[in-house]
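what follows is a predicted structure for the sequence shown.
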Number of protein chains: 2
Amino acid sequence: MSVGIRDVARVAGVSTATVSRALGRGPVSDAVREQVEAAVRATGYRPNLSARRLRSKAAQTIGLIVADIRNPFFTAVSRAVEDAAYAAGMRVILCNTDEDPAREAMYLRLMEEERVTGVIFAPTKVTADGLRADSLSFPTVFIDRSGLPGAHDSVVLDNAAAASALVDHLVAQGFKRVGGLFGSTSSTARERQAGYAAAMLRYDLAPLARSVAPNATAAETEAVRWLSQPDRPEALILSNGLMLMGAVRAARTLGLAVPRDLALAGFDNEPWTDLVEPGLTVIEQPVAEIGSQAMRLLFERIEQPSQPVRKVTLSGRAVLRGSTRRG
Amino acid sequence: MSVGIRDVARVAGVSTATVSRALGRGPVSDAVREQVEAAVRATGYRPNLSARRLRSKAAQTIGLIVADIRNPFFTAVSRAVEDAAYAAGMRVILCNTDEDPAREAMYLRLMEEERVTGVIFAPTKVTADGLRADSLSFPTVFIDRSGLPGAHDSVVLDNAAAASALVDHLVAQGFKRVGGLFGSTSSTARERQAGYAAAMLRYDLAPLARSVAPNATAAETEAVRWLSQPDRPEALILSNGLMLMGAVRAARTLGLAVPRDLALAGFDNEPWTDLVEPGLTVIEQPVAEIGSQAMRLLFERIEQPSQPVRKVTLSGRAVLRGSTRRG
DNA sequence: GCAGGTTGTGAAAACGTTTTCATAAAGAAC
DNA sequence: GTTCTTTATGAAAACGTTTTCACAACCTGC
């Protein structure tokens, strides 16, 4: 049937141990190494990674658990994670949780069964708060969201500062009734909401915050409801790219001109945000950097399991466009 | 150290074989099954999937090889593939090739070493044309693109018809100098180009087609060059969503109003295409359907390896918006 | 010329499961 | 009551590698 290491050994005229050493790193003479390589070519041998993993206890596999790969933020991060993983000779198993704690639990169990080398995880708040430092049997780095302080390595945005910057800009433009629509499931949304509220209070303005599921349709529905009220906000901050899209839709539905009737600002500098007139003001997240930093932290954690927990905080960049220009 | 099936067996007072049967499907008495389940809970046992795969020769793993997960078309398809895979108890390994045949070859070799259950693959033209029916040691379904006729199962769009529909619409609107900018690496782009050219000829119009790398920046650069010429086209068809975005950017750069100075039509009904004024006319691809059909074909191929090769052709839906409305 | 490395190699154990084979017990058919 | 199935179980083999252990051959330093 299938050609195994024994066949290669027979063809090369050596033992299986020598073949294993020649293919991996081990002391073998140059002559033997060439013989083995020739035998591999001759037989078309392909190592069986399951057997290798079982014996060597090195899965060479990274788990990537995110809410939804269709969220462009996660798409971009995942690409950076995969590039780093494959560059290090590792595979990536991708999991979508849809912000559902039950699915998160299921995938975490799967990661255990796979005996993964490590995991990059964007947890919901409820899951993150339940995970103590020793809850997971594998090295884990949180991205975009953090959990209990000091429990896990993480790479996050300075969310409060970013939200604050948006408020600063809107207030400087003369907007006063600035509302905020934030996601309800992640620590990140909470931090953005807190940063927003704190900034508003600094200007002696009343924070007007609401929370919904962090997706486009939920945001659109809520925005339509909110903006139909007589005392509707004159500016709206959205806590991610999907929700920003929902808000744009809501403004269209209600016939509100941006920024004359409604100013809009949000997160995630997605390619389309500068194409929709008059351009959307957003906080740009360093998505590739988040992914690669997360992998760096993960690899360093794997090498030094007992080193202190680290949290890398990256700054967003405010990209100011027409959607927040004062009429 | 780690708890294995022997520990569970000892705690439950049965043999490892019985534990294995109780956990999988096998004839065991209800009493024993309960004992085993209790022992699993008591010990915190997690099966080692590498060992299971090695022995059972069932990897329960699907490989998904696409050009770039950041292309929203592939993002959406991948989500559908993953949903179907996890629903069937399988894992997904995701690979990005960047349209590079060398990386495609590398990932195909990886799939062999993983002994994957099957692969969903969007190959470049050069790789697809080199793959005969017996070139791959695992069941494979091509998506978005097809290879040698009858060599592999595939799920594709009726690309020629879709491109033709765009030409029909543009001509009906009164446009005559209709150009086409197509990707250079995939069979799909070729088919769209052919459909475009055939339709143009049907109207006694001269086809004006160019090919570039299928990404936003290459399309933008080429579009700027093309649209700067005195005899520039009055309408442009783009062969995917990224290129359509590049063309929108080019029009902005050159100060061309859409559709007055330039009509635009493309593929992929991405969420932003109706937000950028005056709305972009596109062919909507049934992305979720493509992913789930591909998985269906794959599973059926796994069950009946020798059944005839099948090709599922799905139709796109023309979404007509302002970008193609005549002056 | 000899003790003490170092280097290259093979035989066999080990990794943690599932599967095969054998067997005992229980039920069905006569 | 015998024989023939069927069902539930355990002992041991098997999956395809890597790693351990042992050892021989070759160096090095004196």
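Nice, I can see it.

return the residues in contact with A:T43.
A:V3, A:D7, A:V8, A:V11 (Cβ atoms under 8 Å, 6 or more residues apart in numbering or on different chains). To be clear about C-beta, it is placed using only N, CA and C from the backbone, and glycine gets the same treatment.

what's the answer for A:Q229, then?
Counting by Cβ under 8 Å, 6+ apart, A:Q229 has no contacts.

tell me how far it lies from A:R260.
Remark: distance between A:Q229 and A:R260 (Cβ to Cβ, to the nearest Å) = 18 Å.

all helices of chain A, in order?
Assigned by DSSP state H, the helices in chain A fall at A:5-12, A:16-23, A:30-43, A:49-56, A:72-87, A:101-114, A:125-130, A:159-172, A:187-202, A:216-227, A:241-254, A:287-303.

what residues does the stretch 51-200 of chain A put near DNA strand C?
Within reach of DNA strand C by Cβ under 7 Å from any atom of the strand, the stretch 51-200 of chain A has these residues: A:A51, A:L54, A:R55, A:K57.

scan the residues you listed and report the most crowded one.
Ranked by the number of neighbours (other Cβ atoms under 10 Å in any protein chain shown), these place A:L54 first, at 19 neighbours.

name the nearest residue to that residue, ignoring sequence neighbours.
Counting by Cβ to Cβ, 6 or more residues apart in numbering or on different chains, B:S50 is the residue found nearest to A:L54 once chain neighbours are left out, at 4.4 Å.

count the neighbours of that neighbour for me.
For B:S50, the tally of surrounding residues (other Cβ under 10 Å) stands at 22.

wait, what's in contact with it?
A:S50, A:A51, A:R53, A:L54, A:A59, A:E114, A:R115.

now the first one: how far from B:P278?
Put plainly, it is A:S50. In terms of Cβ to Cβ, A:S50 sits 55 Å off from B:P278.

using TSV, lay out the contacts of B:S50 together with pLDDT.
Putting the contacts of B:S50 into TSV (pLDDT from 0 to 100) gives the following:
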residue	pLDDT
A:S50	98
A:A51	97
A:R53	97
A:L54	97
A:A59	96
A:E114	97
A:R115	97
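
now render those residues as TSV, adding distance to DNA strand D.
Shown next, in TSV, are the contacts of B:S50 (distance: Cβ to the nearest atom of the strand, whole Å):
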residue	distance to DNA strand D
A:S50	7
A:A51	4
A:R53	8
A:L54	5
A:A59	12
A:E114	16
A:R115	14
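
farthest-apart pair in the residues you listed, please.
Largest separation among those by Cβ to Cβ: A:A51 and A:E114, giving 15.2 Å.

so where's chain A uncertain?
Along chain A, segments meeting pLDDT under 70 span A:1, A:327.

ok and the residue in it nearest chain B?
A:W272 (3.3 Å; Cβ to the nearest Cβ).

mind listing what that residue touches?
A:W272 touches B:M245, B:E270, B:P271, B:W272, B:L275, B:V276, counting by Cβ under 8 Å, 6+ apart.

check A:A80 too.
A:V287, A:A288, A:E289, A:I290, A:G291, A:S292, A:M295.

what about 7 Å?
Shown in contact with A:A80 (Cβ atoms under 7 Å, 6 or more residues apart in numbering or on different chains): A:V287, A:A288, A:G291, A:S292.

out of these, which end up buried?
A:V287, A:G291, A:S292 (16 or more other Cβ atoms under 10 Å in any protein chain shown).

just to revisit the earlier point, let me have the residues of the stretch 51-200 of chain A next to DNA strand C in TSV, extended by distance to A:G179.
What follows is those, written out as TSV (distance: Cβ to Cβ, whole Å):
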residue	distance to A:G179
A:A51	58
A:L54	56
A:R55	59
A:K57	53
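
tell me which of the residues you listed is nearest to DNA strand C?
Closest approach to DNA strand C among those (Cβ to the nearest atom of the strand): A:R55, at 3.4 Å.

what's the closest of the helices of chain A to B:D129?
Per Cβ to Cβ, nearest to B:D129 of these: helix A:30-43, 24.3 Å.

so is that closest one next to DNA strand C?
Yes. Helix A:30-43 reaches DNA strand C (Cβ under 7 Å from any atom of the strand) through A:A31, A:V32.

with just CA atoms, put that helix into PDB.
The C-alpha coordinates for helix A:30-43 follow below in PDB (Å, rounded to 0.1, in the frame of the first residue of the first chain):
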ATOM      1  CA  ASP A  30      26.700  13.200   4.400                       C
ATOM      2  CA  ALA A  31      26.800  10.000   2.300                       C
ATOM      3  CA  VAL A  32      23.900   8.400   4.200                       C
ATOM      4  CA  ARG A  33      21.900  11.600   4.100                       C
ATOM      5  CA  GLU A  34      22.200  11.600   0.300                       C
ATOM      6  CA  GLN A  35      21.300   8.000   0.100                       C
ATOM      7  CA  VAL A  36      18.200   8.600   2.200                       C
ATOM      8  CA  GLU A  37      17.200  11.600   0.100                       C
ATOM      9  CA  ALA A  38      17.500   9.600  -3.000                       C
ATOM     10  CA  ALA A  39      15.400   6.800  -1.500                       C
ATOM     11  CA  VAL A  40      12.800   9.300  -0.500                       C
ATOM     12  CA  ARG A  41      12.600  10.600  -4.100                       C
ATOM     13  CA  ALA A  42      12.600   7.100  -5.500                       C
ATOM     14  CA  THR A  43       9.800   5.900  -3.300                       C
END
